[in-house]
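Peer 1: Next comes the sequence, and after it the predicted model I'd like to discuss.
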2 protein chains.
Amino acid sequence: MTLITTKPRRGRPLKSAQENRDTKAELIRSGLEQLTESGFASSGIDPILKRVGVPKGSFYHYFSSKEAFGLAVIESYANYFANKLDTYLLDESYPPLMRIKNFADNAKAGLERHHFKRGCLVGNLGQEVDLLPESFRQILIDIFDAWQLRVSQCFKLAQTHGDLSTTADCDQLSECFWIGWEGAVSRTRLVQSSTPLDNYLNHFIAGLPR
Amino acid sequence: MTLITTKPRRGRPLKSAQENRDTKAELIRSGLEQLTESGFASSGIDPILKRVGVPKGSFYHYFSSKEAFGLAVIESYANYFANKLDTYLLDESYPPLMRIKNFADNAKAGLERHHFKRGCLVGNLGQEVDLLPESFRQILIDIFDAWQLRVSQCFKLAQTHGDLSTTADCDQLSECFWIGWEGAVSRTRLVQSSTPLDNYLNHFIAGLPR
DNA sequence: ATCATAATAGACCGATCGTCTAATTAAATG
DNA sequence: CATTTAATTAGACGATCGGTCTATTATGAT
């Protein structure tokens, strides 16, 4: 929990104080934490503001609505996550399948670090998509597609490395990877232990056609 | 959407009339629909009541709290689902692995019938478990265990049939099946098409050790 | 100085949440 | 059949929270 010490000052802030504080970015970061824990529909604006000590009035200065805010948070997360994926999946110091394992280990560490209270934002929102503004659905689908593309290309590399059957449909394999992945993250949060994630990943890798 | 025609009658009901309207059961059924669509935290009591034309006052006559109601709905669903699993997985007119496929086909038909608006109650609640009364967590875990046991035993049958490697760890395999299953249901709802579920199941069966 | 712009403070109102009390009706009792 | 008790419903109630809006204070340009 992030606590704020400085008391709110009324009116536009002094230039000096303003510079070391990017309120909009902080709101997005706080929102990211909140939404990865509680999803969108059940998340109030107030707790997001309180985490960073920003009053409610500021919120609608930076964002036109909760929906617009949600979209900003999603975009931020998608960027962050795509970069993370690239970091691991394009790391040529490991063979392709090992890169996936490395990514998984990193994600696992993240879940543990937050005591299994935070999940995958896209997975969370995907599950509650019927409660969300309709604009969210396609965006979430597109994000999954982007992730799948990356893993799919990693599989193709694995094929050239001889670690994966050349007859395998990499796109479909990648879709299955992410489908199972989200289920594993969810289960991991439920039981508050990483073993489901481990079991799932081992099973997935072991089941790949050679 | 289920609509009710009979209007609520004030006061204690006639002994005769009482029999053909089990309000409590109707509330549970309505709650089941609501919770499989929207989860627990975001589901209000009012919509559940309106679906069956029962006034709010009745609710707390039958249930001491929303939490108690939720537990009743979960229990009802767990029973329903366990029976469904038994129906398919113990059907000796099919070989074991085919029984799993039959179950999946049935579940798929259910998703389609409701236009992908309803998911798996246990999967839904599992994802939002941090928002729920703490009593829910262990119950959800236990339900998954019960489902996994059934599928695990089906795998063991498959081993004796020679359709599955005898060195396979059936319990772990079953856990992975359900992990992926929940992910597939979630994705299916997101994209509003059964293909993720199909792809996942095909991939899972194809990846089993022989 | 003045005026438009940037940013914050916090009140505000309607909606909704879960709960509770009173009213209503039948059954049970004698 | 009069009275008490049980079953059920009606709707009020307080608390919370959602998104919005107005007032306040500072900056920057002319």
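Peer 2: That came in fine, so what should we check first?
Peer 1: which other helices and strands contact the longest helix along chain A?
Peer 2: Determined from DSSP state H, the single longest helix within chain A is helix A:135-161. Here helix A:135-161 touches helix A:66-89, helix A:96-113, helix A:121-127, helix A:170-191, helix B:170-191, going by 3 or more CB pairs under 8 Å, 6 or more residues apart in numbering or on different chains; DSSP states H and E. All C-beta atoms are positioned from the backbone trio N, CA, C, and that covers glycine.
Peer 1: let's see it at 6 Å
Peer 2: helix A:66-89, helix A:96-113, helix A:121-127, helix A:170-191 (3 or more CB pairs under 6 Å, 6 or more residues apart in numbering or on different chains; DSSP states H and E).
Peer 1: Now render the ones you listed as CSV, adding distance to B:Phe69 and mean pLDDT.
Peer 2: Formatted as CSV, the helices and strands packed on helix A:135-161 follow (distance: least, CB to CB, whole Å; pLDDT from 0 to 100):
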stretch, distance to B:Phe69, mean pLDDT
helix A:66-89, 28, 95
helix A:96-113, 31, 97
helix A:121-127, 21, 94
helix A:170-191, 21, 98
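Peer 1: Adding mean neighbour count and distance to B:Glu37 as columns, could you present these in a markdown table?
Peer 2: Shown next, in a markdown table, are the helices and strands packed on helix A:135-161 (neighbours: other CB atoms under 10 Å in any protein chain shown; distance: least, CB to CB, whole Å):
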| stretch | mean neighbour count | distance to B:Glu37 |
| --- | --- | --- |
| helix A:66-89 | 17 | 20 |
| helix A:96-113 | 17 | 27 |
| helix A:121-127 | 25 | 11 |
| helix A:170-191 | 24 | 18 |
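Peer 1: nearest to chain B, of those helices?
Peer 2: Checking the helices and strands packed on helix A:135-161 against chain B by CB to the nearest CB gives helix A:170-191 as the closest, at 2.8 Å.
Peer 1: Would you tell me whether the closest one gets close to chain B?
Peer 2: Yes - against chain B, helix A:170-191 shows contacts by CB under 6 Å from any CB of the partner chain at A:Gln172, A:Glu175, A:Cys176, A:Ile179, A:Gly180, A:Glu182, A:Gly183, A:Ala184, A:Ser186, A:Arg187, A:Leu190, A:Val191.
Peer 1: after that helix, next one along is what?
Peer 2: Per DSSP states H and E, the first helix or strand lying C-terminal to helix A:170-191 is helix A:195-206.
Peer 1: That next one packs against which elements?
Peer 2: Packing partners of helix A:195-206 (3+ CB pairs under 6 Å, 6+ apart): helix A:170-191, helix B:170-191.
Peer 1: List the buried residues for that helix?
Peer 2: Neighbour counts over helix A:195-206 (16 or more other CB atoms under 10 Å in any protein chain shown) mark A:Pro196, A:Leu197, A:Asn199, A:Tyr200, A:Leu201, A:His203, A:Phe204 as buried.
Peer 1: Check stretch A:137-147 too.
Peer 2: So for stretch A:137-147, counting by 16+ other CB under 10 Å, buried means A:Arg137, A:Ile139, A:Leu140, A:Ile141, A:Ile143, A:Phe144, A:Trp147.
Peer 1: what sits against the fourth one?
Peer 2: Read that as A:Ile141. A:Ile141 sits next to B:Val191 when contact means CB atoms under 6 Å, 6 or more residues apart in numbering or on different chains.
Peer 1: Which of the helices or strands spans A:Asp91?
Peer 2: Assigned by DSSP H and E, A:Asp91 belongs to no helix or strand.
Peer 1: which residues touch it?
Peer 2: A:Asp91 touches A:Arg99, counting by CB under 6 Å, 6+ apart.
Peer 1: go with 8 Å
Peer 2: Contacts here follow CB atoms under 8 Å, 6 or more residues apart in numbering or on different chains; on that basis A:Asp91 touches A:Arg99, A:Asn102.
Peer 1: for A:Leu111, same thing?
Peer 2: A:Leu111 makes contact with A:Arg118, A:Gly119, A:Val185, A:Thr188, A:Arg189, A:Ser194, A:Leu197 under the criterion CB under 8 Å, 6+ apart.
Peer 1: Thank you, goodbye.
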